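Enquirer: what would the 3D arrangement of this be:
(chains A, B, C and D)
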2 protein chains.
Amino acid sequence: MKACCDNHINPEKAKNLLSLNGLNRTKTKVEILVELSKSKTPLSASEIHQHLGSESCDISTVFRTINQFKEKGLVKELNLGEEFFRYEVTSSGPGHDHHHHHHVRCRDCGDIKLIEKCDIAIFEKMISKLGYQKMEHHLEFTGICSQCS
Amino acid sequence: MKACCDNHINPEKAKNLLSLNGLNRTKTKVEILVELSKSKTPLSASEIHQHLGSESCDISTVFRTINQFKEKGLVKELNLGEEFFRYEVTSSGPGHDHHHHHHVRCRDCGDIKLIEKCDIAIFEKMISKLGYQKMEHHLEFTGICSQCS
DNA sequence: ATGGATGCAAATGATTTGCATGAAG
DNA sequence: CTTCATGCAAATCATTTGCATCCAT
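Expert: Alright, predicted model coming up:
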């Protein structure tokens, strides 16, 4: 599997994105956006916190910031069968296209790889070519039901 | 969408299943298995606990029991984009076939419906026929990677 | 009897919230 | 200035664990 597309956001772009989404251009927001975009795999809140280093913001600020990013659609929350969520950048702004994709996670070592095409049959072939065994998949849909829309 | 297949397990069958899987036939285990099998939708640990009533076992026992069921493959743990897991019976023993399926959950009211066929294109058509809008799906794989197997 | 099962309380981990202070527009 | 952002501590919520006791085999 090839590495994740380069979604890297530098501080300049981060500030732009924040403004475009009506968010304040604070140091913390810029750092979190940059950090998330640098990662090849989705990060948990606590990983983001660690990556920023102890001198940086509080973990509660990481959560608050991520929640704002989620509301703006800047990041996507992922369930990879763990006890916590992971997050990835969904939009990197002009010049950075985000494409629909999914992940494979090893239930043993936790390694996470990206898979790019969205079709189960193709997916399973690709993943077994990667050497994965005992594959399981979790396909769940959400939407707004007729009563609610 | 049709209702879930009838996976109902009565206390007799529950005891059988427990023995078959090398688990003790305790009142609590029987109750939880029966309760889970009665539900049309997957239940969370706390829902199971509530359904059993206040006079029943402790929530910690629900978790311990579910974990044993998971290990034995009697129940499956599901991620429906919530902050907690849900569980469903995977095997109802002889005479009860469990089939591979997925779910749709309304992001607004939380209602969960069963979808039976495992193909994304078919799924999305079926779900939009149900009146769902703004559909999103989460397809994630797990497996054992080549280094671990 | 003996090991597994359970209740209860305390511990853990992820996530959220209240409040007082500091920074962005 | 005035709103929003942040740190810190405390609160929640889901889940786990330790320990003493009780039940299934």
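
Enquirer: residues contacting the most centrally placed residue in chain A?
Expert: Among the residues of chain A, the one closest to the centroid is A:E88, at 1.2 Å (CA atoms, centre = their mean). Contact analysis of A:E88 by CB atoms under 8 Å, 6 or more residues apart in numbering or on different chains lists A:36, A:39, A:42-43, A:75-76, A:78. Quick note: C-beta positions are derived from backbone N, CA and C, even for glycine.

Enquirer: and the residues you listed, which two are furthest apart?
Expert: A:S39 and A:K76 (13.1 Å; CB to CB).

Enquirer: thinking again about what came up before, in PyMOL, how would I select the buried members of the contacts of A:E88?
Expert: Filtering these down to the buried ones (16 or more other CB atoms under 10 Å in any protein chain shown) takes a single PyMOL command:
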select buried, chain A and resi 36+39+42+43+75+76+78
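
Enquirer: for the contacts of A:E88, give me JSON lines that also has pLDDT.
Expert: Below are these laid out as JSON lines (pLDDT from 0 to 100):
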{"residue": "A:L36", "pLDDT": "96"}
{"residue": "A:S39", "pLDDT": "94"}
{"residue": "A:P42", "pLDDT": "94"}
{"residue": "A:L43", "pLDDT": "97"}
{"residue": "A:V75", "pLDDT": "94"}
{"residue": "A:K76", "pLDDT": "91"}
{"residue": "A:L78", "pLDDT": "88"}
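
Enquirer: so which of the contacts of A:E88 are also by chain B?
Expert: A:L78 (CB under 8 Å from any CB of the partner chain).

Enquirer: tell me the one of the contacts of A:E88 nearest chain B?
Expert: A:L78 (7.4 Å; CB to the nearest CB).

Enquirer: how close does that closest one get to DNA strand C?
Expert: Relative to DNA strand C, A:L78 is positioned 10 Å away (CB to the nearest atom of the strand, to the nearest Å).

Enquirer: close to DNA strand D: what parts of chain A are there?
Expert: Counting by CB under 7 Å from any atom of the strand, the residues of chain A close to DNA strand D are A:23-24, A:26-29, A:56-58, A:60-61, A:64-65, A:68, A:83.

Enquirer: quick one: low-confidence ranges for chain A?
Expert: A:1-6, A:91-98 (pLDDT under 70).

Enquirer: can you list the domains in it?
Expert: Domains of chain A are assigned by automatic domain parsing as A:1-98, A:100-149.

Enquirer: reformat the ones you listed as TSV; add distance to B:D108.
Expert: Below are the domains of chain A laid out as TSV (distance: least, CB to CB, whole Å):
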stretch	distance to B:D108
domain A:1-98	16
domain A:100-149	4
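
Enquirer: for B:Q50, which of the ones you listed is the nearest?
Expert: Closest to B:Q50 of the domains of chain A is domain A:1-98 (CB to CB; 21.8 Å).

Enquirer: about what we covered before: what's the first helix or strand after the helix or strand containing the residue nearest to the centre of chain A?
Expert: A:E88 is located in strand A:86-89, with elements delineated by DSSP states H and E. Using DSSP H and E, the helix or strand that follows strand A:86-89 in sequence is strand A:102-106.

Enquirer: on the strand side of things, show who A:E136 bridges to.
Expert: B:T142 (DSSP bridges).

Enquirer: burial measure for it, as a count.
Expert: A count of neighbours around A:E136, defined by other CB atoms under 10 Å in any protein chain shown, yields 11.

Enquirer: that one and DNA strand C: what is the separation?
Expert: From A:E136 to DNA strand C the distance is 22 Å (CB to the nearest atom of the strand).

Enquirer: one more: A:M135?
Expert: Distance from A:M135 to DNA strand C, by CB to the nearest atom of the strand: 25 Å.

Enquirer: and for that residue, nearest residue in space, chain neighbours not counted?
Expert: What sits nearest to A:M135 in space, not counting adjacent residues and going by CB to CB, 6 or more residues apart in numbering or on different chains, is B:G143, at 3.9 Å.

Enquirer: and for A:V75?
Expert: A:F69 (4.2 Å).

Enquirer: for that neighbour, give me its contacts.
Expert: A:32-33, A:75, A:87.
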